[in-house]
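Enquirer: The sequence and its predicted three-dimensional model are supplied below.
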Amino acid sequence: MGNTFGHLFRITTFGESHGGGVGVIIDGCPPRLEVSEADIQVDLDRRRPGQSKITTPRKETDTCEIISGVFEGKTLGTPIAILVRNKDARSQDYDEMARKFRPSHADATYEAKYGIRNWQGGGRSSARETIGRVAAGAIAKKILKQVANVEIVGYVKRIKNLEGIIDPATVTLEEVESNMVRCPDREAAEKMIDLIDQTRRDKDSIGGVVECIARQVPKGLGQPVFDKLEADLAKGVMSLPASKGFEIGSGFAGTLLTGSEHNDEFYTDETGEIRTTTNRSGGIQGGISNGENIIIRVAFKPTATIGKEQKTVSKTGEETTLAAKGRHDPCVLPRAVPMVEAMVALVLCDHLLRQQGQCGVI
């Protein structure tokens, strides 16, 4: 329960951060789609630990294995199983956390819910669970590209109080990947890297905002009333570890405008297509995509596990302190970019297939 996401394009992730491995089962993938482990590995490499001095030093290649559902380089239409084995787990770093709860982490809530928890690295609450999402998202991206030429690009927009100046309409993957923090604004990126590195040396952590744009999204995706496209996007990205806020289009800033200032007026372009002059709606109106770019933002809190000593309690309720050991990101934002992209891709792919099934056309 709670480990499965999607309707027609459905994924179930499995595994713990310090167990034998993690992965995903994908059900509902159409047959005859060309897929290889190399296709999936590209996004897993963007997500993996140990990329740079501003990420966790845990050394994992995160090499994926396709166990089922693909034959001679093409999907069979049957469930696809993808496995990534854990190679560099250091469970001994978490011995103290077996007895003490990390502030703002899932330790206490998992204990309250289940009466048992895997304290080695956080188990299912670890960001390592997102490997399965990113692997499935890579396949979802291929379907979206093949069927509707959809392009999804995520990037770091803000780290703490440092914000990049970025045009979502023109930003490219190459610009995003040009630096370790994944902010296309080079000047802001350098300052962000310095801030994260200093925070790491201080044994602390910081948060920020990832922005993501989906281009060429067909009109008509979304299922009123409870499966509105933005509602499913919000659920998808807010299920990511450390996520704390969601915006689409104008977001909270739109509350400062009047209706006449905020409304996206219509016009007909040279091809006869109905378009909007502005895009404060963020590509979705009435819960349904309108053909404009979908633009969302996701806020991520500072990483909960830090090396500074903090007040906490033990499992038996005794007051104590904890200075966490282990290898953790001082800022989750650079590695969160492919995670956000994956969840956006999974939602759009699922709704694309649902639209095909309901209306027969895209």
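Expert: Thanks, I have the structure now. Numbers count the residues shown, from 1 in each chain.
Enquirer: State the number of residues packed around Thr312.
Expert: 19 (other CB atoms under 10 Å). All C-beta atoms are positioned from the backbone trio N, CA, C, and that covers glycine.
Enquirer: Repeat that for Ile165.
Expert: Using other CB under 10 Å, Ile165 has 10 other residues around it.
Enquirer: Gly360 too?
Expert: Gly360: 7 surrounding residues under other CB under 10 Å.
Enquirer: How confident was the prediction at it?
Expert: With respect to pLDDT, Gly360 scores 71.
Enquirer: Show me the shaky parts of the stretch 51-200 of the chain.
Expert: Along the stretch 51-200 of the chain, the parts satisfying pLDDT under 70 run over 88-94.
Enquirer: Do a quick rundown of the strands in it.
Expert: Per DSSP state E, counting those that start in this stretch, the stretch 51-200 of the chain carries strands over the ranges 64-68, 70-71, 74-75, 80-85, 151-159, 162-163.
Enquirer: highest average neighbour count across those?
Expert: Mean neighbours per residue, mean count of other CB atoms under 10 Å, is largest over the strands of the stretch 51-200 of the chain for strand 151-159, with a mean of 24.
Enquirer: Parallel or antiparallel, list what pairs with that strand.
Expert: strand 162-163 (antiparallel), strand 208-215 (antiparallel) (DSSP bridges).
Enquirer: among the strands of the stretch 51-200 of the chain, which is nearest Leu221?
Expert: With CB to CB as the measure, strand 151-159 is the member of those nearest Leu221 (13.5 Å).
Enquirer: ok so, going back, could you save the strands of the stretch 51-200 of the chain as a markdown table and add columns showing distance to Ile139?
Expert: Shown next, in a markdown table, are those (distance: least, CB to CB, whole Å):
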| stretch | distance to Ile139 |
| --- | --- |
| strand 64-68 | 10 |
| strand 70-71 | 10 |
| strand 74-75 | 8 |
| strand 80-85 | 7 |
| strand 151-159 | 13 |
| strand 162-163 | 33 |
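Enquirer: So which residues of the stretch 251-362 of the chain form helices?
Expert: Assigned by DSSP state H, counting those that start in this stretch, the helices in the stretch 251-362 of the chain fall at 259-262, 333-359.
Enquirer: Could you save those helices as TSV and add columns showing distance to Ile306 and mean neighbour count?
Expert: Shown next, in TSV, are these (distance: least, CB to CB, whole Å; neighbours: other CB atoms under 10 Å):
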stretch	distance to Ile306	mean neighbour count
helix 259-262	40	10
helix 333-359	16	24
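Enquirer: ok, back up a step: and of the strands of the stretch 51-200 of the chain, who's closest to Thr172?
Expert: The nearest among the strands of the stretch 51-200 of the chain, by CB to CB, is strand 151-159 at 6.9 Å.
Enquirer: about what we covered before: figure out which of the strands of the stretch 51-200 of the chain is closest to Gly115.
Expert: Nearest to Gly115, of all the strands of the stretch 51-200 of the chain, is strand 80-85, at 28.8 Å by CB to CB.
Enquirer: I appreciate the help and will end here.
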